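**Student:** Give me a model of this one.
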Amino acid sequence: MVDFSGVSLEGKTAIVTGSSRGIGAGIALQLAKRGANVVVNYVSEGSKERADEIVKKNSENWRKGHSMPSYAALGNEADLKDVNVEMYNSHFDCNVRGPIFLTQAALPYLPRGGRIIFISSAAARLGVAGQTVYASTKAANEALARVWAKELGHSHGITVNCVNPGPVATDQWFQSDEQFLKDMQPMIEATPAAPRVGEVEDIAPLVAFLCTEDSKWTTGSVLSANGGLYN
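**Tutor:** Purely as a prediction, here's the structure:
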């Protein structure tokens, strides 16, 4: 009989930041389906309702499911000429400062064999106009993964990786302005895997894999989840 115990997350606990909707919600559900106890994070009273609904709606999948406040990523766009200090500070505080100090606070409680996974973005490498600040924060996340892979490997037995999506059909995507969606269309049509925007279901299983025992020899890496927009 084939042994798939290496992909099970039974008995593990996962903290999924920004998981009241979109990719984060999909990741939380995927990890729960594999047996993990999941903490679903939210940032406001409005998102708390969504987080509680995710836990309630998918109660059959949870071993234990809880919602609690935490940070989520920012991804506003602006051309270089329109970037201001407020935008810079808010994005770097959320996307870079947030994971640094959250991980620092969690580190004493992480067992050997733990996993840290960043959701990066193809923007970190593609050079998309209007993403001066956002792309920089995602490139910083990838740098953190490489640094922490070395710092936390021998000392804590922890692996640190990134999953790197391209455009994904979340509610935020569909709330984008018409011109942005039009500008993105050529890129979407040129996506090597298929001429379509990504789906949450394309991303969540890759994150789940990086949480499992089968991924123990993968660290400091960026796993492409963008349909081949770059190699």
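**Student:** contacts and neighbour counts: CA atoms only from here.
**Tutor:** Noted.
**Student:** Pull the number of nearby residues for residue 184.
**Tutor:** 13 (other CA atoms under 10 Å).
**Student:** I meant to write residue 88 there.
**Tutor:** Using other CA under 10 Å, the number of residues around residue 88 comes to 15.
**Student:** I'd say it and residue 132 touch.
**Tutor:** No: applying CA atoms under 8 Å, one finds residue 88 not in contact with residue 132, separated by 9.4 Å.
**Student:** where's residue 10, which helix or strand?
**Tutor:** Using DSSP states H and E, residue 10 sits in no helix or strand.
**Student:** doesn't residue 36 make contact with it?
**Tutor:** Yes: using CA under 8 Å, residue 10 makes contact with residue 36 at a distance of 5.3 Å.
**Student:** Now do the buried residues in the strand or helix carrying residue 56.
**Tutor:** Counting by DSSP H and E, the element that carries residue 56 is helix 45-57. By neighbour count with 16 or more other CA atoms under 10 Å, helix 45-57 contains the buried residues 47, 48, 50, 51, 52, 54, 55.
**Student:** Repeat that for stretch 129-147.
**Tutor:** For stretch 129-147, burial by neighbour count (16+ other CA under 10 Å) applies to 130-142, 144-146.
**Student:** Just the ones of the residues you listed in helices?
**Tutor:** Among the buried residues of stretch 129-147, the ones falling in helices (DSSP state H) are 132-142, 144-146.
**Student:** Which of those residues sits closest to residue 188?
**Tutor:** Nearest to residue 188 among these is residue 135, at 18.3 Å by CA to CA.
**Student:** got the contact list for that closest one?
**Tutor:** Contacts for residue 135 (CA atoms under 8 Å, 6 or more residues apart in numbering) come out as 121, 123, 124, 125, 127.
**Student:** Check the model's average confidence along whichever helix or strand the third one is part of for me.
**Tutor:** Just to be clear, that refers to residue 124. Following DSSP H and E, one finds residue 124 within helix 123-126. The average pLDDT for helix 123-126 rounds to 91.
**Student:** To what extent is the closest residue to residue 50 other than its chain neighbours buried, counted in neighbours?
**Tutor:** Counting by CA to CA, 6 or more residues apart in numbering, residue 50 lies nearest to residue 20, which is 5.4 Å off, once chain neighbours are set aside. For residue 20, the neighbour count with other CA under 10 Å is 27.
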